[in-house]
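**Student:** The following block contains a protein sequence and its predicted model.
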Amino acid sequence: MRENLVFQKDRYQESTGLARFRNLTHWICDTTLNHKVPPTFYVSPKDKVRMVGQGVVLCCKADGRPGPEKYLWVKDGKEIKGGANGELHLGNLQKSNSGHYSCRVETSAEIATSKIARLSVQTHAQDTCNRKPDEDFIDLPEGCHTEETGKHSARVNIGRCKKGQCITSTMSNDVDCYDAWPTFCCSTDLTKPLMVNCTHFSYTISQTISCKCRECSTITQISGEVYGKQNGTKIPFKSGQIYMKGQLVGETTENGLFSLTISGDDKEVVLLLKNDAENRFMNTLKTVKIMEDGNTPIDVVVPLKSKPISFNSNLGHTMPLANGNQTAFTHVSFPRESFITQDGKPFS
């Protein structure tokens, strides 16, 4: 007999084995069926920025069982030629090469597609950033204004550089998958101070006036007002402390205003506000979503401490739970003599 036998099973790789003579009535064959594993990308193409005339390499790699034999590349939803080995080389780039790229593999286990990367090809210049910042208007606290345009304004354009990857004219890489230089971003180049005048005080904010491509630095200014409300009236969180990650990072003014500078790659931070000068407010946590490399304006409303309620613990008490003048959403009951002293006797 001595023939190769083919073994097939759903969701398993096909296997072959050579039959061996055992006796006049039996032949035996040993083989192993390996379970198919869908391909998974462990390298996906990265977002790239290039100037007209430069080159670029986009890369992807996948593994599975069976492993992929070739890669197909897709630009803006349409299959393109090249890159069968997982490396797509594009030279003499033009603006028409800009788009969204991904690669795809197909095995007997499954079809898989990598993450999508954006290739941006821009006009050759000193760098690929727009030096003019986008408009970014913020509302100043009540009673405050600027005179930037020669008239009082409670709304001011502080400017914002359009956050995004960029390169300078000295950067070029058309041979490797990974750019050797650090990540560069469009970020603030020049700023000017803006004086904000309020009823009894003044403070300064920064206005972005130009942008530049530079090594990414995620520095954000968080500024705003902290207050409570009582009968519709704002109560400032006077000279209170602001903590982040257990560290004191700032304080509010007498009018409840504050400004913090945050560095790092966090997309959001948690602020703890406590210890106001008049001890009128409860400790409050506030989660703030970060606007990278710019100003993040916020208002924080903190709850006022409620007045203590006196009652006779020997008689018990039922207390409504509600916010301000709202209808109680539940009640808390203290049975009679439920408060005890350290020796276990009823408190009175």
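**Tutor:** Thanks, I have it. Keep in mind that this is a model prediction, so the values were computed, not measured.

**Student:** Look up phi and psi at residue 96.
**Tutor:** Backbone torsions of residue 96, given as degrees, to the nearest 10, read phi -70, psi -20.

**Student:** same check, this time on residue 97
**Tutor:** The phi/psi pair for residue 97 (degrees, to the nearest 10) is phi -80, psi -10.

**Student:** neighbours of it, just the number please.
**Tutor:** 17 (other C-beta atoms under 10 Å). Heads up, the C-betas are built off the backbone N, CA and C, glycines and all.

**Student:** Hmm, residue 119 and it touching each other?
**Tutor:** Yes: under the criterion of C-beta atoms under 8 Å, residue 97 makes contact with residue 119 at 6.4 Å.

**Student:** Tell me, domain by domain, which residues of this protein belong where.
**Tutor:** Per the record, the chain has its domains at 1-35, 40-122, 137-215, 220-301, 309-348, by automatic domain parsing.

**Student:** possible to save those as JSON lines with distance to residue 131 and mean pLDDT?
**Tutor:** Converted to JSON lines, the domains of the chain look like this (distance: least, C-beta to C-beta, whole Å; pLDDT from 0 to 100):
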{"stretch": "domain 1-35", "distance to residue 131": "57", "mean pLDDT": "81"}
{"stretch": "domain 40-122", "distance to residue 131": "13", "mean pLDDT": "92"}
{"stretch": "domain 137-215", "distance to residue 131": "5", "mean pLDDT": "86"}
{"stretch": "domain 220-301", "distance to residue 131": "15", "mean pLDDT": "87"}
{"stretch": "domain 309-348", "distance to residue 131": "49", "mean pLDDT": "78"}
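
**Student:** Can you add distance to residue 128 and give those domains back as JSON lines?
**Tutor:** Below are those laid out as JSON lines (distance: least, C-beta to C-beta, whole Å):
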{"stretch": "domain 1-35", "distance to residue 128": "47"}
{"stretch": "domain 40-122", "distance to residue 128": "4"}
{"stretch": "domain 137-215", "distance to residue 128": "5"}
{"stretch": "domain 220-301", "distance to residue 128": "16"}
{"stretch": "domain 309-348", "distance to residue 128": "51"}
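
**Student:** Which of these sits closest to residue 129?
**Tutor:** Ranking these by proximity to residue 129 (C-beta to C-beta) places domain 137-215 first, at 4.0 Å.
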